[in-house]
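>>> Structure of the sequence below:
(one chain, ligands or ions: 1)
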Amino acid sequence: TTITFVTMDGARYPIEAPDGSTAMENAVRHDVPGIDADCGGACACATCHVYVAEDWREAVGEPAEMEEDMLDFAYDVRPNSRLSCQIRVRPELDGLVLNVPERQG
Ligand code: FES
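Okay, here's the model as predicted:
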């Protein structure tokens, strides 16, 4: 399943991501700049914040309540904000585009 991170300067990071992994794990493994993921995926830091590309919002779905609460701590939260450690890679997300915010926290 290929997912692509796009940073603020327009750089694209396409990654072949194993199904069942989280989007965040793939960003960290491939050194995508701007995904800090300080808590290591425990939904406890909000530094893995991403913006889901509009076309993909429905497929990715809405944040769970715990994630929603944690998103309050993220910088410049928008309706398409998600924590990338809470996005599970699956075949239906092939082609997914996630935009990396200007900064975390
Ligand atoms: Fe900490 Fe996602 S890595 S909330």
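>>> For the rest of this, base every contact and every neighbour count on C-alpha atoms.
Fine.
>>> got the residue ranges for the helices in the protein?
For the chain, applying DSSP state H gives helices covering 23-29, 57-60, 65-71.
>>> May I see the ones you listed arranged in TSV, with distance to residue 104 as well?
Below are those laid out as TSV (distance: least, C-alpha to C-alpha, whole Å):
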stretch	distance to residue 104
helix 23-29	13
helix 57-60	21
helix 65-71	11
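>>> Look up the closest residue to the residue nearest the centre of the chain, ignoring the ones flanking it.
Among the residues of the chain, the one closest to the centroid is residue 84, at 2.8 Å (C-alpha atoms, centre = their mean). Leaving aside its chain neighbours, residue 84 sits nearest to residue 24 (4.8 Å; criterion: C-alpha to C-alpha, 6 or more residues apart in numbering).
>>> Verify the stated contact: the residue nearest to the centre of the chain with residue 21.
No: assessed by C-alpha atoms under 8 Å, residue 84 is found out of contact with residue 21, at 10.7 Å.
>>> need the residues of the protein near the ligand, please.
For the chain, the residues in contact with the ligand (C-alpha under 6 Å from any ligand atom) are 37-48, 83-85.
>>> Top of those by number of neighbours, please.
When neighbours are counted as other C-alpha atoms under 10 Å, the busiest of these turns out to be residue 48, with 32 neighbours.
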